[in-house]
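Q: can't give you the sequence, but here's the structure:
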């Protein structure tokens, strides 16, 4: 087998892994859009906020310390504890639920019945607010996130592929963990939406708000629940990406990676987010590998969108999205 | 009533006598956005040094200083807006801390007769003061950095880089592309094989790039990165088990925030520098006493001694020394931006002067002139010690390869002069 083919196989596998990470971000968008028709621009910032909160709780950082110290002349910085990752994750999940409740109560409850563009603009406002709020609450320095996830080359895959191809494949342990977690997450979400009362209510709300209301479904509860789920997904994405690069402002920009995934997979399909992520991940990595060197490299950012556009032309609702039919 | 107020104001002015305006050193900071982690300590260091001068020395030459700040978020448009809005404050010198902003401001500052200092960044050929009359980039520029890396690697290989494979991984921007030509020309001279790999902004995902590096197996990787690109690159290098001591970054890829997220695996990573590391300098005793302990620090004091804080302090010190030189040249304390330009062009930093200021061996000695706005391009090499969590200077400040760099500067500045219709010459 030629070297180039072997390398392409390695790139393909890494593309799949990268795609899973993109899909993790896209999932949060899908959940909210599916249930409320809102394209949540703040999803990337929610991942940042969740990761900041996780590190803050783990390391016992005093929230708003800078502000408190400036106002009262105190020297507060840390509570002096270091919590286990599991406890911190549960604490952060609780914070994300609280955030979802506040977003629903103070923003979207007042915008019921408004045009989608108004709701979208509200999420832009929310994104910038959360960004600044996260800064004030936890500070803007880069934080190391270590919840015990393994990183680095997977030795077993390296050895096995070396024995077969005389070249060991590089697969990051963190990417393998992300794949397993994403699979569990998607499976759980599908089970939840298909087999639980709240899940069925969520699907009913997604189909028709008015009809759901008329059969006694509490819209506010469902929306808080959906935003909480999206917040949890954001936390998972924040952990994965934050472990790779540290927790910092740039984490919010991972949303840019989710957009082509959504265009391709559809805004309303959970499996679509996964399949879309895999196609984008593999497509951009293979293009960079095969064509990148001929055109100066750095093709991934734009090629992902080209790929999504090509799919859009032939299937505007995305691969798994629901076809919108409006009758006159 | 109006007449009474006017009379009172006039009387107050007469009683007070002539009031000298403060010397203004605007800070074009970025405390928000994707690059805030580097921007905040720099801005704090810049502000703290002028606070020190005010509190300890009563300003510069008896005139107090002030540092109005404008947030650029490392965004070129915002940076230009900041310049325009701060211009009215009478700013003596602008330090944009961004290559993109620098490129936009070059024609503006020249037309406005206001100097700009782009220490370690910006347009490298601005070193030619005969073309770029108002732009200064002492003590070192991007090409000095590239040359410094190659000189260091050459030294590591007993002066022979022939046949070695060197890969440049760079931020796909005007900044990141700056060293390519220099490294290409140096490869002809030294005989190494150069490969360049771009990373798009922000650089959160670099799997393809590092898979390529893993396949290519270069002897050394040189990085011109910024922001999250640095942290991800260092982590990915560790993931593919690239030897960290063979991975060397430019000064914008060599601060604490770049290596700390990776933890122990970043141990041994190197970066070139033009300013000292750590806080073992006498000036920091004064900053602690007059600024931090007095509750006048721009930040909370925990950044003192970090690479970016030191760079901010250093940039402020160079501006302050230029102002002093301008005061001496023109015989007035209340200098104008035009006079400041003259001071910058006549600046001479000697080791004796730096020691007397509390900065012994903090940066290279250099002398500025009309022909040379960039100093002598001396750079040192630092290495990260993950156990001690500190950068260590592992070489002295050594000169760059002027034989290769100067023709490139002459060529690029001549092209700019032609494009902008500038007649090269000294004022």
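A: Arrived safely. These figures come from a predicted structure and were not determined experimentally. Numbering: from 1, shown residues only, chains lettered A, B, ... in the order given.

Q: leaving out chain neighbours, which residue sits closest to residue B:91?
A: In space, and not counting its chain neighbours, residue B:91 is closest to residue B:26: 4.0 Å by CB to CB, 6 or more residues apart in numbering or on different chains. In short, each C-beta sits where N, CA and C put it, glycine included.

Q: what's the neighbour count on that neighbour?
A: 25 (other CB atoms under 10 Å in any protein chain shown).

Q: can you pull the contacts of the closest residue to residue B:157 other than its chain neighbours?
A: Excluding its sequence neighbours, the residue lying closest to residue B:157 (CB to CB, 6+ apart) is residue B:164, at 6.8 Å. Each residue near residue B:164 by CB atoms under 8 Å, 6 or more residues apart in numbering or on different chains is listed here: B:153, B:157, B:192-193, B:219-220.

Q: out of these, which is nearest to residue B:31?
A: If you rank those by distance to residue B:31 using CB to CB, residue B:220 comes first, at 34.6 Å.

Q: show the pLDDT at the closest one.
A: Looking at residue B:220, its pLDDT reads 98.

Q: quick revisit: any idea how far the residue nearest to residue B:157 is from residue B:253?
A: Computed as CB to CB, to the nearest Å, the residue B:164 to residue B:253 distance reads 21 Å.

Q: kindly report the same for residue B:382.
A: Taking CB to CB, one finds residue B:382 at 11 Å from residue B:253.

Q: higher neighbour count, those two?
A: residue B:253 (29 against 26).

Q: what pLDDT does that one get?
A: Predicted confidence (pLDDT) for residue B:253: 97.

Q: that one contacts residue B:227, doesn't it?
A: No: with contact defined as CB atoms under 8 Å, residue B:253 does not count as touching residue B:227 (9.7 Å).

Q: make sure residue B:178 is actually in contact with residue B:126.
A: No: with contact defined as CB under 8 Å, residue B:178 does not reach residue B:126; the gap is 11.8 Å.

Q: looking at the stretch 151-300 of chain A, which residue is nearest chain B?
A: Of all residues in the stretch 151-300 of chain A, residue A:246 sits closest to chain B, at 2.8 Å by CB to the nearest CB.

Q: with adjacent residues omitted, what lies nearest to that residue?
A: Closest residue to residue A:246 apart from its sequence neighbours, by CB to CB, 6+ apart: residue B:261 at 2.8 Å.

Q: wait, is that neighbour part of a helix?
A: Yes: under DSSP: H, G, I helix; E, B strand; the rest coil, residue B:261 falls within a helix.

Q: OK, contacts around it?
A: Residue B:261 neighbours (CB under 8 Å, 6+ apart): A:142-145, A:245-246, B:231, B:235.

Q: sorry, back to before: backbone phi and psi for the residue nearest to residue B:157, please?
A: Phi and psi for residue B:164, reported as degrees, to the nearest 10, are phi -70, psi 150.

Q: and for the one 3 residues further on?
A: Comment: the main-chain dihedrals of residue B:167 come out as phi -110, psi 130, following degrees, to the nearest 10.

Q: cool, residue B:398 as well?
A: Main-chain torsions, residue B:398, degrees, to the nearest 10: phi -110, psi 150.

Q: equivalent analysis for residue B:155, please.
A: Dihedral pair for residue B:155: phi -60, psi -40, per degrees, to the nearest 10.

Q: buried only: go through the contacts of residue B:164 for me.
A: Buried subset of these (neighbour count, 16 or more other CB atoms under 10 Å in any protein chain shown): B:153, B:192, B:219-220.

Q: dump these to TSV, plus secondary structure and distance to residue B:119.
A: Formatted as TSV, the buried ones among the contacts of residue B:164 follow (DSSP: H, G, I helix; E, B strand; the rest coil; distance: CB to CB, whole Å):
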residue	secondary structure	distance to residue B:119
B:153	helix	24
B:192	coil	29
B:219	coil	31
B:220	strand	26
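
Q: near chain A, from the residues you listed?
A: Counting by CB under 8 Å from any CB of the partner chain, nothing from those sits close to chain A.

Q: and which of those residues is nearest to residue A:204?
A: Lowest distance from residue A:204 to the buried ones among the contacts of residue B:164 (CB to CB) belongs to residue B:220, with 60.6 Å.

Q: surely the closest one meets residue B:168?
A: No: Residue B:220 lies out of contact with residue B:168 (CB under 8 Å); the separation is 9.7 Å.

Q: now the helices for the stretch 1-150 of chain B?
A: Assigned by DSSP state H, counting those that start in this stretch, the stretch 1-150 of chain B shows helices spanning B:2-16, B:36-52, B:76-87, B:99-112, B:142-156.

Q: what's the closest of the ones you listed to residue A:108?
A: Among the helices of the stretch 1-150 of chain B, helix B:36-52 comes nearest to residue A:108, with 29.4 Å by CB to CB.

Q: which secondary structure elements does that closest one contact?
A: If you count contacts as 3 or more CB pairs under 8 Å, 6 or more residues apart in numbering or on different chains; DSSP states H and E, helix B:36-52 packs onto strand B:27-29, helix B:307-330.

Q: quickly compare those and say which is most buried.
A: Greatest average neighbour count among those goes to strand B:27-29 (a mean of 26), per mean count of other CB atoms under 10 Å in any protein chain shown.

Q: mind listing the strands it pairs with, and their directions?
A: Partners of strand B:27-29 in the sheet, by DSSP bridges, are strand B:69-71 (parallel).

Q: can you tell me what sits against the strand it pairs with?
A: With contact meaning CB under 8 Å, 6+ apart, strand B:69-71 is reached by B:26-32, B:43, B:47, B:78, B:82, B:85-86.

Q: need the per-residue pLDDT for the residue nearest to residue B:157.
A: 98.

Q: please report the distance of it from chain A.
A: Relative to chain A, residue B:164 is positioned 21 Å away (CB to the nearest CB, to the nearest Å).

Q: which strands or helices does the one helix or strand residue A:220 maps to pack on?
A: If you go by DSSP states H and E, residue A:220 is part of helix A:219-245. Helices and strands touching helix A:219-245, by 3+ CB pairs under 8 Å, 6+ apart, are helix A:3-36, helix A:43-59, helix A:85-106, helix A:173-195, helix A:197-207, helix A:209-214, helix B:228-239.

Q: helix or strand right after the third one?
A: Spelled out, that is helix A:85-106. Following helix A:85-106 toward the C-terminus (DSSP H and E): helix A:116-138.

Q: in that following helix, what counts as buried?
A: For helix A:116-138, by 16+ other CB under 10 Å, it's A:119, A:122-123, A:126-127, A:130-131, A:133-135, A:137-138.

Q: quick one: which of those residues has the lowest pLDDT value?
A: Out of those, that is residue A:135, at 88.

Q: residue contacts, that one?
A: Counting by CB under 8 Å, 6+ apart, residue A:135 touches A:249, B:32.

Q: how about the residues of the stretch 151-300 of chain B near chain A?
A: Counting by CB under 8 Å from any CB, the stretch 151-300 of chain B sits next to chain A at B:172, B:196-200, B:202-205, B:207-209, B:211-212, B:214-215, B:227-228, B:231-232, B:235, B:238-241, B:257, B:260-263, B:265, B:295, B:300.
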